[in-house]
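Undergrad: A structural model of the following input is requested.
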Amino acid sequence: FPDAMLIAYAGEGARPDTVDAIRETVDRLIDPTEALAGRVLDRTVGFESERARGLRGALLAAEEPVAVVAHDNPDPDAIASAVALCRLADRIGVDADPCYHGEISHQENRALVNLLDLPMVRLEDDDIEAYGGIALVDHSRAGVNDSLPDDTEIDIVIDHHPPRGPVDGEFVDLRSGVGATSTLLAEYLDRFDVPADTTTATALLYGIQVDTKEFTREVSKADFAAAASLIPDVDADTLSRVESPSLSIETVSVLAAAIENRTVDDGALSTCVGEVRDRDALAQAAERLLDMEGVQITLVYGFMDETIYVSGRSRGSELDLGETLRDAFGAIGDAGGHADMAGAQIPLGILAETGPDRTGSLTEIVREVVEERFFDALSDAPDAPTADDSLEYDYAPEGAASVALPYEEGRDDTER
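TA: This next block holds a predicted model:
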């Protein structure tokens, strides 16, 4: 078998000249001393190991039970990350629950939770007071993209989005160089030597797939490595069912309204769908409208519960959509995101302050205000930053286990 790989085991106490002679003959030589030393050093020395020890210490130091809080209306990446962190906590004897505020309304997100029977705890009113420690996953600041009080003390933060302000926590891991927070949790599972059970592995892989759009958007080597480590434990049949849920009537209605009411200008599409019952339908419409010929940027918006919800997508454009929406709507609401995915929330009451000449139905007024600001911001927008324009984010508190790495263009989940 001339093409077979030849592996030899040197044995303990082999003479150096013997080891060298064998090494020249075989494809790979296993030296027990080197193998053991490499394993020990890999697990105990270096930045990755420092992170793992820091997370373990923060979990043990947190007051139990710990609430692992995803952002409001969580997506698959947030859901999977919360479940995985709770599994890590359980492994070291810490009581923790994966929690969220809002609704899990997107069909695929509901399918993920229901088919995998994930133990997500929906928080209402003062439910958070029953918990001692607080961990945030897939977002980094209390009161920003979640319904926690702004002054909530945070024990742990794990996120892949670059922060827009100071981030507090006993342990902070912010890495914008990966495509999903699920990637970071998969790494921690490996560092803690915690086997990824089928449920957790399936959820984490789906979280990575969604946030990287099937490994085509803002993906890194770490995302591929994490996915490869999870695949052996994934329930492929269940994952297939999660990926192909039926569309709700609301989603189809919103998509139809978005197509009918669209305005397209130089590759940018803006459309108002009026009052909605499912905010996630806006994001799905924004994604699907990118497939229209000649469209590189989409903005879909509607209103419910006294708030205008805006969802934007970009493909094949040098525009930084997150910065553009901040310029357009930051003065009248909350807006943000990354180069190719962003969103905004605008209180309906703010429309009374936008000018005295607003007349017509509520839908017409919303369209007039949002569309005008959006296209004005597009005309003034600079090109998106390149890799050479990286910005350093260093918001971790003194003594934290890690800090954010250089900014890289990425996606965000801020249609909340």
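
Undergrad: any idea how far Leu362 is from the residue nearest to Ile350 when sequence neighbours are not counted?
TA: Distance criterion Cβ to Cβ, 6 or more residues apart in numbering; nearest residue to Ile350, sequence neighbours excluded, is Ile332 at 4.7 Å. Where you see a C-beta, it was placed from the backbone N, CA and C, and this is true even at glycine. Separation of Ile332 from Leu362 (Cβ to Cβ, to the nearest Å) stands at 16 Å.

Undergrad: measure the residue nearest to Ile350 to Leu348 for me?
TA: Relative to Leu348, Ile332 is positioned 11 Å away (Cβ to Cβ).

Undergrad: now Gly177
TA: For Gly177 relative to Leu348 (Cβ to Cβ), the value is 38 Å.

Undergrad: quick one, helices of this structure?
TA: 16-25, 32-44, 47-61, 76-91, 107-116, 181-191, 198-211, 221-230, 236-243, 249-260, 280-289, 321-329, 362-380 (DSSP state H).

Undergrad: let me see the mean pLDDT of the first one.
TA: Spelled out, it's helix 16-25. Looking at helix 16-25 alone, the average pLDDT works out to 89.

Undergrad: same deal with the second one?
TA: The average of the pLDDT scores along helix 32-44 is 72.

Undergrad: got it, and stretch 56-66?
TA: Here the average pLDDT along stretch 56-66 is 95.

Undergrad: same question, stretch 199-210
TA: On average, stretch 199-210 scores 96.

Undergrad: convert it to PDB, retaining C-alpha atoms only.
TA: Provided in PDB are the C-alpha atoms of stretch 199-210 (Å, rounded to 0.1, in the frame of the first residue of the first chain):
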ATOM      1  CA  THR A 199     -29.700  19.500  20.800                       C
ATOM      2  CA  THR A 200     -27.000  22.100  21.600                       C
ATOM      3  CA  ALA A 201     -24.900  21.200  18.500                       C
ATOM      4  CA  THR A 202     -27.900  21.500  16.200                       C
ATOM      5  CA  ALA A 203     -28.900  24.800  17.600                       C
ATOM      6  CA  LEU A 204     -25.300  26.200  17.400                       C
ATOM      7  CA  LEU A 205     -24.800  25.100  13.900                       C
ATOM      8  CA  TYR A 206     -28.100  26.700  12.800                       C
ATOM      9  CA  GLY A 207     -27.100  29.900  14.600                       C
ATOM     10  CA  ILE A 208     -23.900  30.000  12.700                       C
ATOM     11  CA  GLN A 209     -25.600  29.200   9.400                       C
ATOM     12  CA  VAL A 210     -28.200  32.000   9.800                       C
END
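
Undergrad: could you measure from Val300 over to Leu136?
TA: Relative to Leu136, and taking Cβ to Cβ, Val300 is found at 28 Å.

Undergrad: ugh, wrong one, Ala14
TA: 51 Å.

Undergrad: more neighbours, the two?
TA: Just comparing Ala14 and Leu136: by other Cβ atoms under 10 Å the higher neighbour count belongs to Leu136, 31 against 16.

Undergrad: beta partners for that one?
TA: Note on Leu136: beta-bridge partners by DSSP bridges are Val69, Val157.

Undergrad: kindly report the same for Ile7.
TA: Under the criterion used (DSSP bridges), Ile7 bridges to Arg28.

Undergrad: appreciated, that's everything.
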